[in-house]
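*Asks:* need a structure here:
(2 chains)
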Amino acid sequence: MKKNRMYVFGGLLLLAFAGFSFSAFTESMTPYVSYERARGEDRIVQVAGALEKGSDSYVDAQESLFFTLKDPKSSETLRVRYTGLKPANFADAISIVAIGRYDGQSKEFEAQKLLVKCPSKYQGAEVKTYS
Amino acid sequence: MDYFSHIYLPGALALWCAVLFGISSMWGYGVALVSGDQGSLTFGRRAYGFFAVSIVLASAVLALLLMMRDFRIEYVYQYSGMDLPVYYQFAAFWAGQKGSFMIWLFWGTLLGLLVRRTAGPSEPAVMGVYTLTLMGLLFILVRENPFVMLGKTPLDGVGLNPLLQDNWMVIHPPIMFIGYASAAIPFAFAMAALWRRQYDGWAARAFPWALGGFLVLGTAILMGGYWAYKTLGWGGYWGWDPVENASLIPWMFGTVLIHGLHMERSQGRYRRANYLLTFLMYISVLYGTFLTRSGVLADFSVHSFVDLGISGYLTLLLGGFFLLGLYLIITRWREIPTRPNEDPFLSRGTFMVMATITLLISTAVITAGTSAPLLTRFMKDPSQVGPSFYNKVNLPIAMLVAFLLALVPYLTWKGTAAREIARKLIGPFVFGVAAVAFSLFWQVHDVFHLAFIFLAALALATNLQKTVAKLRGAGGLRDAGGYLAHVGVGVILLGIIASSGYDVSTKVTLIQNQPREVDGMTLTFKRFIPRQGREKERMEIEVARAGGKPFMVHPKLFINDRTRQVMANPDIRTTPFQDLYVSPIDFDPGQPRLQLAKGESGKVGDMEVRFEGFNLQADGNAMAAMASGQPVTIGATLAVTKNGQTTALMPLYKLNPASGAVETPPATLPGGGAVFVSGINATNGAVQLELTGVANPAKLSVDVTRKPLIQLVWGGLYVILFGGILATVQRFRQMRKQESLGRI
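*Replies:* Numbers count the residues shown, from 1 in each chain, chains lettered A, B, ... in the order given. Below is the predicted model:
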């Protein structure tokens, strides 16, 4: 009988942990959304796009970086503000992923984290010249 | 046959021969398995030998092509270049997709020669399954052939990604691939046992292999962490990136497997579970490869993943081995002899079961997190989970594991009385309390963290006690491997909580020669040191601490010549109790150069310079002069504001079209210094100005981090790996002994 009780206890513990993991999972989940959706969401999301040339400026007083992301497909744009130092390689970025939330008042996407992808030579473009 | 003119035959031929010999070997082993025919067994063995020779040849040809920088070969063209030093040619070997499958297959093939010698009577079945796993890799290579040639001979290659031009790149990936290759070995033993319905003996033979795989994979993970921390400047040793997780998951299954095999060998428990564990370890290697190479994670990782058109193949490989393994396990499940669980609660068996279940849960959680982009693909938005998920979920798991680990040394298989355990725990308990008191002194107030520290210290102490007892015993060092590894676990847990929970990170911009207080230290950016030979451009920062001698750190920030990518390498000052980690972010050389379009203004020091436009009447009519080929003079009209006062200036740009000579007489700036026109952009009407004699100091932005007790992370891993070596040696000897006694 004692053994059965142990199994029940273990099962309950497992169940509780599964619930805990699931909530942690959904909590730290950051969905990839379009700019339009990002403007409507009140949670942390990810947006991606190309840096619009010449749109970036760094304001020393606020220690913030401002730039415009452009969706290569739809040509939509989104103004982004990132508080912190300008990431290295920012100017060469071919694509930027910004993780954060949209601020309805300043009409800017407040990025907490930036993933800057640079034209990497790793897995270079396929050069196929078959005749 | 156009195909043949686009393939480098010496290499491709070796691959095709390998296919032939591989199939022959499987055929020979297969016939030997079914009929027990000795001749077929010999045939299978010989064919495997030729298979191995072919793979070694193919790898040697690829290595040679890289050495000779033969850019006709597409792979050489993509990953090598004229300026790439010889030792990085090795790194180029596994820098790309094709080469990494090649090195994986290379190690797998060599390991196969050893597996053959340890398989004993089950050789035909084991080698049959094992060769099948190698054939899976070989077919990828035949399709994604590394010997494909370009239709032309480029003079230079694209070059190796500068991030990969690092000593660690030469050593880390090949070791990782030995680990991947070795995961197939316990799998082959287990599947062979299921196939033959011979459920005894395989565990003893697979045990040293499982331990070896655990060791190599662990070493590779340690190196990867070290690389990320020391040179790549990712700020830490672990980022829960999919690529990192892809190697961690098989390692965790491997950890559970070696404990399962231990239970099977000494208690006859876990006999069913071990088949599942070998299966999961191998499948997780294939799954990780699928996740990181098929492009499904392309948007979610800092590593660039591109779909290289082998997703279908990888899916097939994964699905094929998954179904094969599952089929064998399900059809044999009921036949596998088991021993019912009759252990009392306070026994080593029960605690090991609980610990393995806990580790499996952790592995499942990490797998789910890594697969998040795949799982959520079918929902509304594809999502990924951040490091916070892994950290949060693994914190209670690590605490439970530490607790179980702490008690295991005092438990016997038959069960131990609670009073007995309590008596033995007094010493370690005092040690744990001391660790907590010490942490409180260092401002650790989080209750969870304190509990974590207590349990980790407890596990460290009890296992250390047992290790010492074992050392004094008859078996000596040889018997102490397991407990020693557990001491390492305690050490590493303490290191992880201290270095990642209590690190202090500050991002600051340092102005040259202006000391700045950062986190109790005084940092002064001294100078920029230009490139000297192989030594890249470095920054010199002086760090002074109250009561300590000032010292210099030299983080590197340079531009790769080929890709124009900015590269940053941190510098780390290691002291026994903490690392000072200085990572450069941005460098502004303070060069007073401005590029301004009409109406734009720029700042240099305390001056604002506004470009009003070009003056074409500065010395006669410039347009007319240009039309007649006479010397042309253009003025740049500037408005310079300093201390609220604006001065109008006009530096000139004189061009003699006949001789091509350019003269740029400067204009004097208010408050000293001069400005001259260093260039004119005719297409967009912009001017390039250079200022001299203006105070505009260089600025360096750095991330300064103190990481307390990070030494324990590395130290703990070394202890775990050393314990693993002892255990591997011990289990190998036992296996040979069993074999000589005819028991397996």
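*Asks:* Tell me how far the residue nearest to B:Ser100 when sequence neighbours are not counted lies from B:Val566.
*Replies:* Spatial nearest neighbour of B:Ser100, excluding adjacent residues (C-beta to C-beta, 6 or more residues apart in numbering or on different chains): B:Trp94 at 4.7 Å. C-beta here means a position set from N, CA and C on the backbone, and glycine is covered the same way. To B:Val566, B:Trp94 is 25 Å away according to C-beta to C-beta, to the nearest Å.
*Asks:* between those two, which one's more packed in?
*Replies:* Taking other C-beta atoms under 10 Å in any protein chain shown, B:Trp94 and B:Val566 do not tie; B:Trp94 has more neighbours (24 against 21).
*Asks:* Thought B:Ile171 was touching that one, still the case?
*Replies:* No - B:Trp94 lies out of contact with B:Ile171 (C-beta atoms under 8 Å); the separation is 10.8 Å.
*Asks:* Show me the chain divided up by domain.
*Replies:* If you meant another chain, say so; for now it's chain A. Under the assignment automatic domain parsing, the domains of chain A span A:1-30, A:35-117.
*Asks:* Oops, wrong one, chain B.
*Replies:* Split by automatic domain parsing, chain B gives B:1-160, B:509-590+B:699-706, B:593-692.
*Asks:* Need these in CSV (columns: mean pLDDT).
*Replies:* Formatted as CSV, those follow (pLDDT from 0 to 100):
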stretch, mean pLDDT
domain B:1-160, 93
domain B:509-590+B:699-706, 86
domain B:593-692, 83
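*Asks:* What is the neighbour count of B:Tyr3?
*Replies:* By the measure other C-beta under 10 Å, the count of residues near B:Tyr3 is 9.
*Asks:* Phi first, then psi, for the residue lying closest to B:Ser294 once chain neighbours are set aside.
*Replies:* Nearest residue to B:Ser294 in three dimensions, chain neighbours excluded: B:Ser311, at 3.9 Å (C-beta to C-beta, 6+ apart). The phi and psi torsions at B:Ser311 (degrees, to the nearest 10) take the values phi -60, psi -40.
*Asks:* where does chain A have low pLDDT?
*Replies:* A:1-3, A:60-61, A:88-89, A:91-92, A:117-131 (pLDDT under 70).
*Asks:* which bits of the stretch 1-150 of chain B sit near chain A?
*Replies:* The stretch 1-150 of chain B has residues B:Asp2, B:His6, B:Glu74, B:Tyr77, B:Gln78, B:Tyr79, B:Ala95, B:Gly96, B:Gln97, B:Leu150 near chain A, with proximity defined as C-beta under 8 Å from any C-beta of the partner chain.
*Asks:* List buried residues within those residues.
*Replies:* The neighbour-count test (16 or more other C-beta atoms under 10 Å in any protein chain shown) applied to those identifies B:His6, B:Glu74, B:Tyr77, B:Gln78, B:Tyr79, B:Ala95, B:Gly96, B:Gln97, B:Leu150 as buried.
*Asks:* Of the domains of chain A, which is nearest B:Ala437?
*Replies:* With C-beta to C-beta as the criterion, B:Ala437 lies closest to domain A:1-30 of those, at 29.9 Å.
*Asks:* Report whether the helix or strand encompassing B:Met539 contacts chain A.
*Replies:* In this structure, B:Met539 sits in strand B:538-545 according to DSSP states H and E. No - between strand B:538-545 and chain A, judged by C-beta under 8 Å from any C-beta, nothing touches; the nearest distance is 12.9 Å.
*Asks:* Tell me which other helices or strands that strand touches.
*Replies:* Secondary-structure packing of strand B:538-545 (3 or more C-beta pairs under 8 Å, 6 or more residues apart in numbering or on different chains; DSSP states H and E): strand B:521-529, strand B:551-553, strand B:556-559, strand B:578-588, strand B:699-708.
*Asks:* And chain A, is the fourth one touching that?
*Replies:* In this case it means strand B:578-588. Yes - interface with chain A: strand B:578-588 contributes B:Pro584, B:Ile585, B:Asp586 (C-beta under 8 Å from any C-beta).
*Asks:* Does the last one touch A:Tyr58 like I think?
*Replies:* No - look at B:Asp586 against A:Tyr58 with C-beta under 8 Å: they stay out of range, at 9.6 Å.
*Asks:* show me where chain A has strands.
*Replies:* Ranges of strands within chain A are A:29-31, A:45-51, A:57-59, A:64-70, A:77-83, A:95-103, A:108-117, based on DSSP state E.
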